[in-house]
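J.: predicted model and sequence below, questions to follow.
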2 protein chains.
Amino acid sequence: MNTSLAWLPADEFTRILEGIGDVHERSRAFADASRINTLYSIVRAGSGHLGSSFSAADTVSWLLLQEMRSPFEPGGDIYFSSKGHDAPGLYASLIGLGALPEEKLHQLRRLGGLPGHPDVSIPHMHANTGSLGMGISRAKGMILGDRLAGARRRVYVLTGDGELQEGQNWEALAGAVRHGMGELTVIVDHNKIQSDTWVAEVSDLGDLEAKFRSFGWGVLRCDGNSAQELDSAFRLREKEHAGVPAVIIADTVKGAGAATFAATSMPEGEWRYRFHSGAPAREDYLRAHGELVASLDALLGRHGLAPLAFSRADLTLPVKPSGPQLPQVYGRALVNRALADERIVALDADLVLDTGLIPFSQALPERFVECGIAEQDMVSMAGGLASRGLLPFVHSFSCFLHARPNEQIYTNASEHRKIVYVGSLAGLIPAAPGHSHQAVRDISALGAVPGLVVLEPANSAETEAAVDYCADAESSTYLRLVSTPVSEEAEALGAEPLTLGHGRVVRAGGRTVAIGSGPIVLTQLLRAAQLLTAEGIELTVVALPWLNRVDSAWLADLAAGADQLFVVENHYTHGGQADLIARSLLELGQEGLPAFTGIGLTEVPECGTEAEVLDAHGLSAKRLAERIQERVRRGAHR
Amino acid sequence: MNTSLAWLPADEFTRILEGIGDVHERSRAFADASRINTLYSIVRAGSGHLGSSFSAADTVSWLLLQEMRSPFEPGGDIYFSSKGHDAPGLYASLIGLGALPEEKLHQLRRLGGLPGHPDVSIPHMHANTGSLGMGISRAKGMILGDRLAGARRRVYVLTGDGELQEGQNWEALAGAVRHGMGELTVIVDHNKIQSDTWVAEVSDLGDLEAKFRSFGWGVLRCDGNSAQELDSAFRLREKEHAGVPAVIIADTVKGAGAATFAATSMPEGEWRYRFHSGAPAREDYLRAHGELVASLDALLGRHGLAPLAFSRADLTLPVKPSGPQLPQVYGRALVNRALADERIVALDADLVLDTGLIPFSQALPERFVECGIAEQDMVSMAGGLASRGLLPFVHSFSCFLHARPNEQIYTNASEHRKIVYVGSLAGLIPAAPGHSHQAVRDISALGAVPGLVVLEPANSAETEAAVDYCADAESSTYLRLVSTPVSEEAEALGAEPLTLGHGRVVRAGGRTVAIGSGPIVLTQLLRAAQLLTAEGIELTVVALPWLNRVDSAWLADLAAGADQLFVVENHYTHGGQADLIARSLLELGQEGLPAFTGIGLTEVPECGTEAEVLDAHGLSAKRLAERIQERVRRGAHR
């Protein structure tokens, strides 16, 4: 889609800051200008967290402009967001203050640009966040570190309200009191809506003030979209709670600043807030942009300033890839299976949309358990359900399912309970949210759990078969689902009956053989095969959906037909399918094994578009073809 | 040590139950009889958690005798302990009631007996616990499962007070309120002492009643060592908090029932409670046994019953192995290094004794951070400290360090912060505490963390070298420390300079080569080599302390001298050293690779003595020798 997008250059921010004397009005104007550029950057990127960038904008502006001491100097006060997905808003503010280069505004979620969640490689980002609930602990470490260096600076941490469902927040509170951390102020961006819907519907926070107070924290409350109220709250924080950690519960509106995005504009009966992540539709963008400009121009006018002067970018917006999404295919298949299998219960951690569970929650509400952002609680509950003879299917993004409740999964396994864990958003792609959301360590982290089979389907048909496998198998399963739309090539592979440890040839070729699993790797391998044909290499492509099991006899047959064997992984090179196949090959005890090459990630994943990031990590069709060609030219070693 | 130990046969419990009419007196007598047998079983086992078995005994007795409906029948009420280490007390009570076979009393912490922490393979154990903080979540799952089946039974969960430092407890509370779980009663065994010392010293719980109340729970409080007060509390729970989850904060005395063990007997100024785990010394045992008998006999006398009639077991008590313990060696080396390196800070999660940190906490208190039982908070704090230029050494038992804060470790790695993680109690041995404490999945769970080197020293000298390596290396390190005393054979190996990915031959032999790491595996391999000599096989034993790195050139040299290569692991067979070496061997691309066999755990570890459990899992010298001999006889395949 060709379009023209408007953004505010940094000198417009300077004009606002210099032209408005009243600190509250100035902060408000700065926040609205930041919102305009936030919207621009998200629309340009094609995705990004709009709602919470907007709800937090007034807090961020007030902190940066008025409250913090020397925020951009060494030794100055520190601010970071624990939830992290409000990064586009913070970036826009930092660019407006000249603390980040202006050109970065055009590079949200791009390789070498600004990642979807904070990364400390970006100036003034103090912690990698995006995986929820770690911020307060991080801040405590910073404060203890400063104290050891004889310094004392204030640390401000923004948390979400839904984020407070994570137990680590509460685990962190006592230590701050014990250490008398008057330097620490937590601001809860209390916008009342988490990923899926209203916090009160998902897992109500109850009396939040009483909770923090019971842990010994100073508690304040204010309208977090009002500069005046924020001002008062921060002053009271110093005055009434010196020497102790304090929280400011900032009541905000998700999407505040533009009526189009404001949660207060949601129609009666609508349960889902549409602007949590993802770029808005064109008409929503235009309307919201107009609202923001009208409001800010009016404010500027009241202070005798000329209307906003925009720069424009004419560009081709990213086109959303089409194709089936495995979590949605999975979700429908789960309903079908569950209708015939009363043991099945589904547990979710505030990702009902993205894990494909809306159909289940509607068709079988009595067997659907919404746990909130509380993965450890969810997994341990699944253990309790399983002990009563039920068959829990446990859902989250893979990044949050394999690591946070890792010990809970193991404990369930030690009871030999059958449980199915379903991680969507698995692997490197989409790479736009950044490394907190890229699950490329899950096979390693779960692969050794006894009795747990790790399975990654290649396409829709195999996903449907996988649901039946998970329900029928004696073992527990971790089902690894890529969330980006499946390519036509991968869809065309269809499915064959799933047999533990067996793969299948999905492209017949010569004695150069590549094994992979899942739609991302298989698509790139099939495309690499086309490139290699031109080089005189006919690549045999094998889909092996089993990530921690391989059948020896099947592998022996495959190896007998191979001079070169490649295993390509949407995962780190350690602890995944390549290690498994290498060991199994060696343990076969055969003569004349093929030359072996494992290809996977060796570095923390980059953030960017699919094409950029696959290429950067050597996993694009082109780079795979080059690697395979180079290896084949070097020759088989035996 | 030959000795005679007294225990109460089940018919003595029956006599007490039938002979005392007053329910409170009866419960008290039953609790004391259980304490007597708990003490017996722990002394016989040579280890076990005495203090909290005693503090909780009155609660357990009251629950089983008076409060619960049909606790031993299907559909009856459920009780389990979330902390789990009070299992010996529960076993003694269940045996007293005939719900477990009497002979099991003599098999605490033995293979096929009663594990150190609960396992659901034992009748009336409803959840595998021992890793803290999961109990409330588990109970919620049970209740939802019961409701789906149309049943409604009450679930009672005992938690520790120190255990409440774990965030998962607080994560779990909201859901119980949301689901109106009147079936759920949590009893906090508030004995005020956690593993190391007083809870208030480690991480004070503050106003515990206010905390639970702020989360919407019903709250009651009573003397948890008084049957009368427990009775009142449980009746009020039903009366005043029907339809909502409730907590009874049961104020108890750790070691209650015998003055010798009672925390109230601790001398002024003594900071460490001596009876948390481990068997008491003989004189303490005799004194406490006498106290318990005198008290219970007096009670029986008041009810017209004859004194206790004991059975006796004449037996040889287990002798504690001697030899240096690596965590203690480590702790002294860390102090030495830290005195010369101001960047180093040490973080602990309530295991200051068992992680070897007492010298550090005393020598460098300003650089010692006691985090309490809060591993996620601790690891994220370490990230904050590292961001300020410090070098955190982060400590816990390996079982609690590799899994609970797994995502936090990864997040730190994504920032490329240098942090040293030190996990003691690593591996299968000691096997007496059971699988919650046997860290045999840590290499897999952490091996793929980018920039994290996993290192396991073989003995004292290598541990000292490892501390310097950890401090000097550019990478982060996970230092895996076995806690049982190191054998003379392993100590005699000394150390050579640590070179990343390089191992060393510690026993020269022929072309049958076995690789291992750590004192447990190397000791068994050296002993296996002796057994194999008699069979005409001269085993070459190689110590490779690097668990997720191997140097290709070093490995190529080693492989060239081998016909048979074995890799033996104190870990599951998946995701550890064997996988790494197999893949590296294949990727060498050499002709004539040795035959390869990986040996490690394939099942959830058994509980028992070192000898029993090594043998059961095929890792004893004898079983290793048999396996190697069998494989060598089958012949190299190329």
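T.: Received, thanks. Numbers count the residues shown, from 1 in each chain, chains lettered A, B, ... in the order given.

J.: so where's the longest strand in chain A?
T.: Counting residues, the longest strand found in chain A (DSSP state E) is strand A:564-572.

J.: what does the average pLDDT come to for it?
T.: Per-region confidence: strand A:564-572 scores 98 on mean pLDDT.

J.: kindly report the same for stretch A:233-250.
T.: The pLDDT scores in stretch A:233-250 average 97.

J.: cool, stretch A:331-343 as well?
T.: On average, the pLDDT along stretch A:331-343 is 98.

J.: with just CA atoms, put it into CSV.
T.: In CSV, the C-alpha atoms belonging to stretch A:331-343 read as follows (Å, rounded to 0.1, in the frame of the first residue of the first chain):
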residue,chain,number,x,y,z
GLY,A,331,-7.8,-23.8,18.2
ARG,A,332,-10.5,-25.1,15.9
ALA,A,333,-9.1,-28.6,15.9
LEU,A,334,-8.9,-28.5,19.7
VAL,A,335,-12.6,-27.7,19.9
ASN,A,336,-13.5,-30.6,17.6
ARG,A,337,-11.4,-33.0,19.6
ALA,A,338,-12.7,-31.7,23.0
LEU,A,339,-16.3,-32.1,21.9
ALA,A,340,-15.6,-35.8,21.7
ASP,A,341,-13.3,-36.0,24.7
GLU,A,342,-14.5,-34.8,28.0
ARG,A,343,-11.2,-35.0,29.7
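
J.: the longest strand of chain A and chain B in contact?
T.: Yes - residues of strand A:564-572 contacting chain B under C-beta under 8 Å from any C-beta of the partner chain: A:571, A:572. For the C-beta atoms, the positions are set from N, CA and C on the backbone; glycine is no exception.

J.: sheet-wise, list the partners of that strand with their directions.
T.: Using DSSP bridges, the strands paired with strand A:564-572 in its sheet are strand A:512-516 (parallel), strand A:595-601 (parallel).

J.: what residues sit buried inside it?
T.: The neighbour-count check on strand A:564-572 (16 or more other C-beta atoms under 10 Å in any protein chain shown) flags A:564, A:565, A:566, A:567, A:568, A:569, A:570, A:571, A:572 as buried.

J.: okay, and the beta partners of the second one?
T.: Beta-bridge pairing for residue A:565 (DSSP bridges): residue A:513, residue A:596.

J.: who are the contact partners of it?
T.: Contact partners of residue A:565, counting by C-beta atoms under 8 Å, 6 or more residues apart in numbering or on different chains, are A:513, A:514, A:515, A:558, A:559, A:581, A:585, A:594, A:595, A:596, A:597.

J.: chain B versus residue A:276, what's the distance?
T.: 21 Å (C-beta to the nearest C-beta, to the nearest Å).

J.: wait, that residue sits on residue A:48?
T.: No - with contact defined as C-beta atoms under 8 Å, residue A:276 does not count as touching residue A:48 (10.4 Å).

J.: look at those two and report which has more neighbours.
T.: The neighbour comparison of residue A:276 against residue A:48 (other C-beta atoms under 10 Å in any protein chain shown) goes to residue A:48, with 27 against 19.

J.: which helix or strand contains the closest residue to that one other than its chain neighbours?
T.: Distances taken as C-beta to C-beta, 6 or more residues apart in numbering or on different chains put residue A:42 closest to residue A:48, at 3.5 Å, once the chain neighbours are dropped. Assigned by DSSP states H and E, residue A:42 falls within helix A:23-45.

J.: what is the following helix or strand past that helix packed up against?
T.: Later in the chain than helix A:23-45, the nearest helix or strand by DSSP H and E is helix A:50-62. If you count contacts as 3 or more C-beta pairs under 8 Å, 6 or more residues apart in numbering or on different chains; DSSP states H and E, helix A:50-62 packs onto helix A:23-45, helix A:87-96, strand A:155-160, strand A:184-190, helix A:227-240.

J.: pick the most buried one from the ones you listed.
T.: Comparing these on average neighbours per residue, with mean count of other C-beta atoms under 10 Å in any protein chain shown, the densest one is helix A:87-96 at a mean of 28.

J.: how about the secondary structure of residue A:286?
T.: helix (DSSP: H, G, I helix; E, B strand; the rest coil).

J.: likewise for the one 4 residues further on?
T.: Reducing the assignment at residue A:290 to three states with three-state DSSP gives helix.

J.: chain B contacts on the stretch 201-350 of chain A?
T.: With C-beta under 8 Å from any C-beta as the criterion, the stretch 201-350 of chain A meets chain B at residues A:203, A:204, A:205, A:206, A:207, A:210, A:211, A:213, A:214, A:215, A:216, A:345.

J.: just checking, the last one is part of a strand?
T.: Yes - counting by three-state DSSP, residue A:345 is located in a strand.

J.: so who does it touch?
T.: A:367, A:368, A:369, A:385, A:390, A:391, A:392, A:393, B:144, B:148.

J.: how about the nearest residue to it, chain neighbours excluded?
T.: Closest to residue A:345 by C-beta to C-beta, 6+ apart is residue A:367, at 4.6 Å.

J.: same deal with the fourth one?
T.: The shortest distance from residue A:206 to any residue that is not its chain neighbour, by C-beta to C-beta, 6+ apart, is 5.0 Å, and that residue is residue B:216.

J.: contacting residues around residue A:449?
T.: So residue A:449 contacts A:409, A:410, A:413, A:476, A:478, B:441 (C-beta under 8 Å, 6+ apart).

J.: filter those residues down to the buried ones, ChimeraX style.
T.: The following ChimeraX line selects those of those that are buried, judged by 16+ other C-beta under 10 Å:
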select /A:409,410,413,476,478 /B:441
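
J.: in JSON lines: the contacts of residue A:449, plus secondary structure and pLDDT.
T.: Listed next are the contacts of residue A:449 as JSON lines, based on DSSP: H, G, I helix; E, B strand; the rest coil; pLDDT from 0 to 100:
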{"residue": "A:409", "secondary structure": "helix", "pLDDT": "98"}
{"residue": "A:410", "secondary structure": "helix", "pLDDT": "98"}
{"residue": "A:413", "secondary structure": "helix", "pLDDT": "98"}
{"residue": "A:476", "secondary structure": "strand", "pLDDT": "98"}
{"residue": "A:478", "secondary structure": "strand", "pLDDT": "98"}
{"residue": "B:441", "secondary structure": "coil", "pLDDT": "98"}
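
J.: looking at the contacts of residue A:449, spot the one nearest residue B:241.
T.: Closest approach to residue B:241 among those (C-beta to C-beta): residue A:409, at 32.6 Å.

J.: could you check how far the closest one is from residue A:191?
T.: 31 Å (C-beta to C-beta, to the nearest Å).

J.: the residue lying closest to residue A:118 once chain neighbours are set aside: how many residues sit nearby?
T.: Spatial nearest neighbour of residue A:118, chain neighbours left out: residue A:125 (4.3 Å); criterion: C-beta to C-beta, 6+ apart. By other C-beta under 10 Å, 23 other residues sit near residue A:125.

J.: contacting residues for residue A:125?
T.: Residue A:125 touches A:80, A:118, A:119, counting by C-beta under 8 Å, 6+ apart.

J.: so which of these comes closest to residue B:258?
T.: Of all the contacts of residue A:125, residue A:80 has the smallest distance to residue B:258: 51.8 Å, by C-beta to C-beta.
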